[in-house]
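Asks: no letters, just coordinates:
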């Protein structure tokens, strides 16, 4: 006899029947609609996840475009050579034209340096606030900087605080000469440190033993110089040995007796590599998306129930679910339409503002002739290299032109593809959501909510059916018991014969 929800259940004590097993068998049949609902919910969840996997592929492709062919700098890469790398080196930062430059270095830029006397008289014991007005090289306006010195600070603490302040200097103690050395971090003329009040003047000159002219710290003679050089015969100077002119960053290393020749050329290899990577990623995406919409559907492999999983090994479960999850996006119109639009994005010519039309084929990029390859691209590298050497910015316009109008035909291929991937992503999110959306905010989520409600109603119904079965079996047991008691009574009345 069992007790459930305070209700007496007779589990075959009188009849000898295995009531538990009988009820379980009956309920297994009754649960068939519930199992189908649970399987339907699982399929919707798998389909939602598969859609989101597609969006991840699209997002990765969009990011790849943005970091590659979408950037003008990708098509402006240069190789730079120097006739004397010990004296001058250079690298292209943002240069479109190739150049040949003659540089002769007359003087390197150096930093302003301040050196204290060797009889430093600093002692801890008094907290104080130091105030400085600092003018950096090449600037005219000073910046106020304060440094807090604690009453227990050692000289090492003071040095550390000066280094970490906004003074823009590096301070160290020279053990050999017993001096404090303070060097401006930036090179060039015009650096100045003013001591803003009497407390700061006394501390820096009396205790740290720096020299001041009035309230201005005196640097050592000859420090703090600008770099002086001639470029193509024009004399000029900079506060730093590293500077940029016309998109080329120069680094001066040594004074020269003769001009150094800096030459730039289009880095054809790097640009070709960027285009090859784009084509490879595009072809890979085409394969991945086409695989999603052509994947076979195995309808004889529904999601497994918990009871079924208990009877299977992990490998068996894995292989079963691999087939159960297959084909959930087969013939999906969102993905199919997206693929078709991407092909149009690729093959439609780009119309420039002057009416010129650019085609991928102009640069040696064409569709694979085999139709089964679904419009994947192939590159004639020789033709691509030739076109890049002629004018790499034309290739940039092919991918990123905005044209005369804002319509699709005027957009470069990279911009079209990014617009298409965004549109497909939004349509998928309307259907399958994303990690930030609740189920109420997308179609499959609302379908899952509806199934959850059906499951809840079905579970309540099954609970009542099971209770009814138990009542019926209990009534049968009680009836058998009463019949047995009556038989025993009659048997006793007839004298036990």
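Replies: Received it, and whenever you're ready, just let me know what you need. This is a predicted model, so every value here is computed, not measured. Residues are numbered from 1 along each chain as shown.

Asks: output the below-cut-off pLDDT ranges for the stretch 301-450 of the chain.
Replies: Scanning the stretch 301-450 of the chain with the threshold set as pLDDT under 70 gives 403-407.

Asks: show me the strands in it, by range?
Replies: Under the criterion DSSP state E, counting those that start in this stretch, the stretch 301-450 of the chain contains strands at 350-351, 357-358, 365-367, 377-379.

Asks: show me how far the last one is from its chain's centre.
Replies: Right, the one you point to is strand 377-379. Strand 377-379 sits 28 Å away from the centroid of its parent chain (C-alpha atoms, centre = their mean, to the nearest Å).

Asks: so which elements touch that strand?
Replies: helix 268-294, strand 365-367 (3 or more C-beta pairs under 8 Å, 6 or more residues apart in numbering; DSSP states H and E). C-beta coordinates here come from the backbone N, C-alpha and C atoms, glycine included.

Asks: export the strands of the stretch 301-450 of the chain as TSV, with columns for distance to residue 33 and mean neighbour count.
Replies: Below are the strands of the stretch 301-450 of the chain laid out as TSV (distance: least, C-beta to C-beta, whole Å; neighbours: other C-beta atoms under 10 Å):
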stretch	distance to residue 33	mean neighbour count
strand 350-351	57	20
strand 357-358	60	15
strand 365-367	51	19
strand 377-379	51	17
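
Asks: report the central residue of the chain.
Replies: Closest residue to the average C-alpha location of the chain: residue 63 at 8.2 Å, with C-alpha atoms, centre = their mean.

Asks: and it, that one's in a helix?
Replies: Yes. Checked against DSSP: H, G, I helix; E, B strand; the rest coil, residue 63 lies within a helix.

Asks: now stretch 343-363: buried residues?
Replies: Burial within stretch 343-363, assessed by neighbour count using 16 or more other C-beta atoms under 10 Å, is assigned to 345-346, 348, 350-352, 358, 360, 363.

Asks: what lies in contact with it?
Replies: Residues outside stretch 343-363 that contact it (C-beta atoms under 8 Å, 6 or more residues apart in numbering) are 275, 282, 366-367, 375, 377, 383-384, 387-388, 394-395, 397-398, 401, 403-404, 408-413, 416-417, 420.

Asks: show the buried residues in those residues.
Replies: Buried subset of those (neighbour count, 16+ other C-beta under 10 Å): 275, 282, 367, 375, 377, 384, 387-388, 394-395, 397-398, 401, 403, 410-413, 416-417, 420.

Asks: go through those and flag which are in helices.
Replies: Secondary structure from DSSP state H places 275, 282, 384, 387-388, 394-395, 397-398, 413, 416-417, 420 of the buried ones among the contacts of stretch 343-363 in helices.

Asks: with distance to residue 195 added, can I get those residues in a markdown table?
Replies: Listed next are those as a markdown table, based on distance: C-beta to C-beta, whole Å:
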| residue | distance to residue 195 |
| --- | --- |
| 275 | 60 |
| 282 | 64 |
| 384 | 64 |
| 387 | 63 |
| 388 | 59 |
| 394 | 60 |
| 395 | 59 |
| 397 | 58 |
| 398 | 61 |
| 413 | 62 |
| 416 | 63 |
| 417 | 61 |
| 420 | 64 |
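
Asks: out of these, flag the one nearest to residue 103.
Replies: residue 388 (27.9 Å; C-beta to C-beta).

Asks: determine the set of other helices and strands touching the helix or strand harbouring residue 114.
Replies: For residue 114, the host element (DSSP states H and E) is strand 111-115. Here strand 111-115 touches strand 179-187, going by 3+ C-beta pairs under 8 Å, 6+ apart.

Asks: in terms of secondary structure, what does the strand it packs on contact?
Replies: If you count contacts as 3+ C-beta pairs under 8 Å, 6+ apart, strand 179-187 packs onto strand 111-115, strand 169-174.

Asks: so residue 121 is in contact with residue 203, correct?
Replies: No. The pair residue 121 and residue 203 does not pass the contact test of C-beta atoms under 8 Å, sitting 10.4 Å apart.

Asks: who has more neighbours, those two?
Replies: Counted by other C-beta atoms under 10 Å, residue 121 and residue 203 do not tie: residue 203 has more neighbours, with 21 against 9.

Asks: tell me who's in contact with the more buried one.
Replies: Contacts of residue 203 (C-beta under 8 Å, 6+ apart): 128, 130, 149.

Asks: repeat the analysis, applying 6 Å as the threshold.
Replies: For residue 203, the contact set (C-beta atoms under 6 Å, 6 or more residues apart in numbering) comprises residue 130.

Asks: all good on my end, thank you.
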